[in-house]
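Participant: coords please:
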Amino acid sequence: METKHPGGSPAAPLLQVDGVTLAFGGVKALTGVGFDVQPGSITAVIGPNGAGKTSLFNTISGFYRPTGGSIRFKGQDITRIPAPQRARMGLGRSFQNIALFRGMTVLDNIKLGRHAHLNTNVLDALLYFGRARREEAALRADIEERIIDFLEIDHIRHAPVSALSYGLQKRVEMARALAMQPQILMLDEPVAGMNREETEDMARFILDVRDEWGVTVLMVEHDMGMVMDLSDHVVVLNFGQVIAQGQPAAVQGNPEVIKAYLGSGDVHDLRRKLHASTPANAAGVA
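Facilitator: From the prediction side, this is the model:
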């Protein structure tokens, strides 16, 4: 998907990952990884287990600092900018392993996502008057009217997270990431462990957040049917390196991708795997 300015020229990438290398001691998790994320697109990062996908996400969001290469967001080099500042700039993410506060309610968990954008100082927050009270009221209204309604979780907004099913917890984590007001929403395995109905719902929400909210999506996902249905651009990692990237149709027939997934050169086997009946396909997601 190529986004263009009104004049017809291609838009600048929203995110540029250029030659990123990440090493832990003598072990390289990423080697020379490079790709662009276009504004208004859905980009998927795929690869076998241990390919370096979550390490890449942690590097982009600022939890890991690369040992080489650069990361640019909206044209600005953010390679050495700390994670909290990247969140304020517009990089919001969810996690592969759910990172919610289980003893808190759904609403309170979501509100934490807006913390980086609040203007309240420590004294205001402790005494809870004036600006703190007004900011809290505005935050709660915005979350309830936009995010909670959008993700169809109004019926559980006061429930403790510990009482929710796994699929609903994943939806709450997406809600918290949206509360960060991201320009790029980074989703790490958003449908992992979900049943058919939950996966259909999440696929719909991902499309809607791009189409209705204008948020660019970058996701790591193992559900190949969903990846091929939703994505505009696919980046394939194997052993920490990009072995292929491009539109889904081109990637799915790439011999290197087939070898990485199946250990063979049988294109037809992979195509059958990628186009097998999946929740995303069954939902008719385009």
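
Participant: May I have the phi/psi pair for residue 234?
Facilitator: The phi/psi pair for residue 234 (degrees, to the nearest 10) reads phi -120, psi 130.

Participant: Any regions of this protein where pLDDT drops low?
Facilitator: The chain contains residues with pLDDT under 70 at 1-10, 115-139, 262-286.

Participant: Repeat the analysis, applying 80 as the threshold.
Facilitator: Counting by pLDDT under 80, the chain contains low-confidence ranges at 1-11, 96-99, 113-142, 144-145, 261-286.

Participant: can you tell me which helix in it is longest?
Facilitator: helix 196-211 (DSSP state H).

Participant: And that helix, what does it pack against?
Facilitator: Applying 3 or more CB pairs under 8 Å, 6 or more residues apart in numbering; DSSP states H and E, one finds that helix 196-211 contacts strand 42-46, helix 149-150, helix 166-179, strand 216-220, helix 224-230, helix 279-282. Placement of C-beta: from N, CA and C, glycine included.

Participant: Dump the ones you listed into TSV; add distance to residue 71 and mean neighbour count as well.
Facilitator: Converted to TSV, the helices and strands packed on helix 196-211 look like this (distance: least, CB to CB, whole Å; neighbours: other CB atoms under 10 Å):
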stretch	distance to residue 71	mean neighbour count
strand 42-46	14	26
helix 149-150	29	14
helix 166-179	19	22
strand 216-220	12	25
helix 224-230	23	22
helix 279-282	29	19
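
Participant: Looking at these, spot the one closest to residue 196.
Facilitator: helix 279-282 (4.6 Å; CB to CB).

Participant: quick one on the thing from earlier: same list (the helices and strands packed on helix 196-211) but as JSON lines, adding distance to residue 143.
Facilitator: JSON lines is the format used below for the helices and strands packed on helix 196-211 (distance: least, CB to CB, whole Å):
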{"stretch": "strand 42-46", "distance to residue 143": "24"}
{"stretch": "helix 149-150", "distance to residue 143": "10"}
{"stretch": "helix 166-179", "distance to residue 143": "6"}
{"stretch": "strand 216-220", "distance to residue 143": "20"}
{"stretch": "helix 224-230", "distance to residue 143": "25"}
{"stretch": "helix 279-282", "distance to residue 143": "28"}
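
Participant: where along the stretch 1-150 of the chain do the strands fall?
Facilitator: Ranges of strands within the stretch 1-150 of the chain are 15-24, 27-37, 42-46, 68-73, 76-77, 91-93, based on DSSP state E, counting those that start in this stretch.

Participant: Just the angle for the longest helix of the chain relative to helix 166-179, thanks.
Facilitator: Helix 196-211 runs at 10 degrees relative to helix 166-179, counting by axes from the mean of the first three to the mean of the last three CA atoms, to 10 degrees.

Participant: quick one: buried residues of helix 196-211?
Facilitator: Buried residues in helix 196-211, counting neighbours by 16 or more other CB atoms under 10 Å, are found at 198, 199, 200, 201, 202, 203, 205, 206, 207, 209, 210.

Participant: Residue 260 is nearest to which of the strands of the stretch 1-150 of the chain?
Facilitator: Nearest of the strands of the stretch 1-150 of the chain (CB to CB): strand 42-46, 9.5 Å.
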